[in-house]
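Colleague: Next come a sequence and a model predicted from it.
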Amino acid sequence: MKKIVNSNDIVDQLDAVYQRSVKSLSDALKAFIQDGQIPDADARKGGQFCYPELVIHYNPDGPPPPISRAFGKLSEPGIYKATITRPDFFRRYLLEQLEPLLADYEIDIEVRLSSEEIPYPYVWDNGPAKGLQEISPAELAKWFPSPRLSDIGDDVADGELFGPGSKRPLALFDAARTDFSLKRLQHYTGTPVEDFQRYILFTNYHRYVDAFCDWGLQQIQAGSRYTELSVAGGLVVTSDTPQGRDAITAAPWRSYQMPAYHLKAADGTGITLVNIGVGPSNAKTITDHLAVLRPECWIMVGHCGGLRHSQSIGDYVLGHAYLRDDHVLDTVLPPDIPVPPIAEVQMALQKAAENVTGESGETLKHRLRTGTVATTDDRNWELRFTTMARRFNQSRAIAIDMESATIAANGFRLRVPYGVLLCVSDKPLHGEIKLPGAANTFYEKSIGQHLKIGVVTLEMLASGGASLHSRKLRAFDEPPFR
């Protein structure tokens with residue numbers, strides 16, 4: 001085994017293996033479609049269509065050094081490995097993980113073909129496969145590798161432990177799980193995965209999308225660090241796009257369940273906004289898939305019901321704890337597992353609120369409360385008021401919504417820093433129920449400022465770099481890659 005000591009060489013070798021496999025699979029699909037040629041069985045056994053595998057051999061003379069950073073460390077001797085997809089797309093991330101390992105540990109790194117084949121739908125866009133949709137999936141699955149649910153799980157992320165001396169996972173997600181989510185992201189959001197930025201903003205109202213697009217266009221025209229806006233439906237707006245705002249409105253974003261909007265900057269440090277709609281199911285769905293991109297963080301700006309008499313419509317709630325009545329993650333992250341706030345995100349949200357509102361001290365404290373957010377999967381919880389009132393009292397909740405706890409809990413589960421800043425749109429316990437007239441007045445006054453706080457928060461976090469990644473998100477038996 002030849003020792004590789006340069007991180008760029010490692011990624012180059014991974015990409016070379018991957019591209020050979022993709023070309024072999026694409027060429028075989030083309031030959032099957034055009035001429036009915038069946039792939040050679042012996043070639044498949046030899047790994048013709050397989051993902052590359054990255055293997056790290058670590059056998060120190062003594063105990064591993066006690067390195068305190070959140071990722072890029074080896075806690076046990078052994079063999080660590082992971083299949084890798086699209087190495088060129090993930091180059092920045094892979095380099096970020098490999099460089100500290102190469103610097104601090106005596107390791108041997110091997111790049112080889114794995115035994116895991118690339119399912120044919122994952123290269124469909126990359127090869128000359130026109131006409132593939134006219135052939136039944138069952139027929140294709142007879143001759144080509146196809147997706148299998150048994151190959152795409154979250155065992156590592158959900159705490160699967162590995163015994164001493166066993167082969168250990170190098171990353172939370174392997175190649176097949178990653179490819180599965182990359183395709184789902186494109187399907188749900190209507191944008192290429194290449195356009196996703198490293199800082200993610202969620203909302204549950206399209207009015208926030210309008211505010212984001214307006215602000216993004218201003219930034220592009222002003223010559224800021226943002227270069228273009230990628231919109232659900234395939235539209236890309238630059239400073240040269242005529243009538244950019246009208247083009248965004250006319251784009252086919254309505255065709256997608258959770259449309260995304262990417263305000264792009266160098267090295268992916270821009271901001272992606274995803275309108276996830278209402279409810280914990282959507283919140284879990286999108287975060288399950290976004291996690292394979294390993295974003296720096298995600299935060300939520302949305303509406304909530306205020307539960308305290310002292311709150312006013314338009315006040316802010318900075319989620320510090322979560323009452324998890326959303327239920328969608330209960331089987332993989334039981335509700336009794338605490339979901340801690342991420343200090344760096346909390347501080348950035350509060351500082352951004354000061355900057356945007358121009359308020360501080362007691363004045364800001366009167367408008368922005370920190371406390372527990374109750375997240376429910378029942379939009380008509382008001383019809384069970386007697387039961388819910390006891391829950392609110394026991395939990396000391398100050399706000400209720402349908403997404404925040406899900407976003408925070410899945411961030412904790414999948415090791416992505418998270419935060420939530422909500423805006424009180426009604427006070428159902430105190431007779432201020434959301435009705436059309438009052439709601440429209442609230443929207444006109446509050447959305448622009450609220451959206452700006454979220455954007456400024458992400459800009460602050462982007463300027464802080466890797467310090468955002470907290471050890472409180474990492475388990476004791478954790479893969480080396482974050």
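Modeller: Structure received. Numbers count the residues shown, from 1 in each chain.
Colleague: buried ones in stretch 10-23?
Modeller: Ile10, Val11, Asp12, Gln13, Leu14, Asp15, Val17, Tyr18, Arg20, Ser21, Val22 (16 or more other CB atoms under 10 Å). In short, each C-beta sits where N, CA and C put it, glycine included.
Colleague: Residues touching it, excluding its own?
Modeller: Residues outside stretch 10-23 that contact it (CB atoms under 8 Å, 6 or more residues apart in numbering) are 4, 47-52, 54, 84-88, 91, 94-95, 98, 109, 111-113, 118, 123, 126-127.
Colleague: Now, these that are in helices?
Modeller: Among the contacts of stretch 10-23, DSSP state H puts Arg91, Leu94, Leu95, Leu98 in helices.
Colleague: Count the neighbours of the second one for me.
Modeller: Taking other CB atoms under 10 Å as the neighbour definition, Leu94 ends up with a count of 23.
Colleague: didn't it look like it was pressed against Ile84?
Modeller: Yes - between Leu94 and Ile84 there is a contact at 7.5 Å, judged by CB atoms under 8 Å.
Colleague: and of the buried residues of stretch 10-23, the nearest to Ala157?
Modeller: Leu14 (21.8 Å; CB to CB).
Colleague: If we ignore the residues flanking it in sequence, what's nearest the closest one?
Modeller: Closest residue to Leu14 apart from its sequence neighbours, by CB to CB, 6 or more residues apart in numbering: Pro87 at 3.9 Å.
Colleague: separation between that neighbour and Asp104?
Modeller: 23 Å (CB to CB, to the nearest Å).
Colleague: neighbour-wise, which of those two wins?
Modeller: Neighbours per residue (other CB under 10 Å) separate Pro87 from Asp104, with Pro87 holding more: 24 against 15.
Colleague: tell me the phi and psi of the more buried one?
Modeller: phi -60, psi -30 (degrees, to the nearest 10).
Colleague: residues touching it, list them.
Modeller: Pro87 touches Val11, Leu14, Asp15, Tyr18, Pro52, Leu94, counting by CB under 8 Å, 6+ apart.
Colleague: any chance of the residues you listed in CSV, plus distance to Gln219 and pLDDT?
Modeller: Below are those laid out as CSV (distance: CB to CB, whole Å; pLDDT from 0 to 100):
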residue, distance to Gln219, pLDDT
Val11, 32, 98
Leu14, 35, 98
Asp15, 33, 98
Tyr18, 35, 98
Pro52, 38, 98
Leu94, 30, 98
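Colleague: follow-up on the earlier one: what about burial for the contacts of stretch 10-23, which qualify?
Modeller: 4, 47-52, 54, 84-87, 91, 94, 98, 109, 111-113, 118, 123, 127.
Colleague: Among the residues you listed, which lie within strands?
Modeller: Of the buried ones among the contacts of stretch 10-23, the ones assigned to strands by DSSP state E are Cys50, Tyr51, Pro52, Leu54, Ile109, Val111, Arg112, Leu113.
Colleague: For the first one, give the beta-bridge partners.
Modeller: When you say that, I think you mean Cys50. Beta bridges link Cys50 to Glu117 when assigned by DSSP bridges.
Colleague: and it, what does it touch?
Modeller: By CB under 8 Å, 6+ apart, the neighbours of Cys50 are Ser21, Leu113, Ser114, Ser115, Glu116, Glu117, Ile118.
Colleague: Arg391 now?
Modeller: Here Arg391 is in contact with Leu323, Asp325, Ala374, Ala397 (criterion: CB under 8 Å, 6+ apart).
Colleague: With Gln219 instead?
Modeller: Tyr226, Leu263.
Colleague: same thing with Ser255?
Modeller: Taking CB under 8 Å, 6+ apart, we find Ser255 in contact with Gly190, Ala232, Gly233.
Colleague: which residues in the stretch 51-200 of the chain form strands?
Modeller: 78-83, 107-117, 168-169, 199-203 (DSSP state E, counting those that start in this stretch).
Colleague: winner for burial among the ones you listed?
Modeller: Most buried of these by mean neighbour count (mean count of other CB atoms under 10 Å) is strand 199-203; its value is a mean of 25.
Colleague: Just the residues contacting it, thanks.
Modeller: In contact with strand 199-203 (CB under 8 Å, 6+ apart) are residues 209, 212, 269-276, 283, 286, 290, 295-302, 403, 407, 451, 454-455, 458, 461-462.
Colleague: can you tell me which of the residues you listed are in helices?
Modeller: Using DSSP H, the contacts of strand 199-203 in helices are Val209, Phe212, Ala283, Ile286, Leu290, Ile407, Leu451, Gly454, Val455, Leu458, Leu461, Ala462.
Colleague: Of these, which is the nearest to Ala138?
Modeller: Looking across the ones in helices among the contacts of strand 199-203 and measuring by CB to CB, the closest to Ala138 is Ile286, at 30.4 Å.
Colleague: Hmm, the closest one is touching Val274, no?
Modeller: Yes - Ile286 is in contact with Val274 according to CB under 8 Å; the separation is 6.0 Å.
Colleague: Mutual contacts of these two, please.
Modeller: Thr189, Phe202, Met258.
Colleague: Assumed the last one was part of a helix.
Modeller: Right, the one you point to is Met258. No - Met258 is assigned coil when assessed by DSSP: H, G, I helix; E, B strand; the rest coil, not a helix.
Colleague: Any figure for the gap between it and Tyr418?
Modeller: From Met258 to Tyr418 the distance is 17 Å (CB to CB).
Colleague: more crowded one of the two?
Modeller: Tyr418 (25 against 20).
Colleague: pLDDT wise, what is the more buried one at?
Modeller: pLDDT recorded at Tyr418 is 97.
Colleague: quick one, what contacts it?
Modeller: Cys297, Trp298, Ile299, Ile342, Val345, Ile407, Ala408, Gly411, Phe412.
Colleague: quick one, phi/psi of it?
Modeller: phi -140, psi 160.
Colleague: ditto for Val317
Modeller: Torsion angles, degrees, to the nearest 10, at Val317: phi -130, psi 120.
Colleague: Can I get stretch 217-224 as PDB, trimmed to CA atoms?
Modeller: C-alpha atoms of stretch 217-224 as PDB (Å, rounded to 0.1, in the frame of the first residue of the first chain):
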ATOM      1  CA  LEU A 217     -31.300  41.300  -5.200                       C
ATOM      2  CA  GLN A 218     -30.300  44.500  -3.400                       C
ATOM      3  CA  GLN A 219     -27.100  42.800  -2.300                       C
ATOM      4  CA  ILE A 220     -26.300  41.500  -5.800                       C
ATOM      5  CA  GLN A 221     -26.900  44.900  -7.400                       C
ATOM      6  CA  ALA A 222     -24.800  46.600  -4.800                       C
ATOM      7  CA  GLY A 223     -21.800  44.500  -5.600                       C
ATOM      8  CA  SER A 224     -21.600  42.800  -2.200                       C
END
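Colleague: For that stretch, buried residues please.
Modeller: Leu217, Gln219, Ile220.
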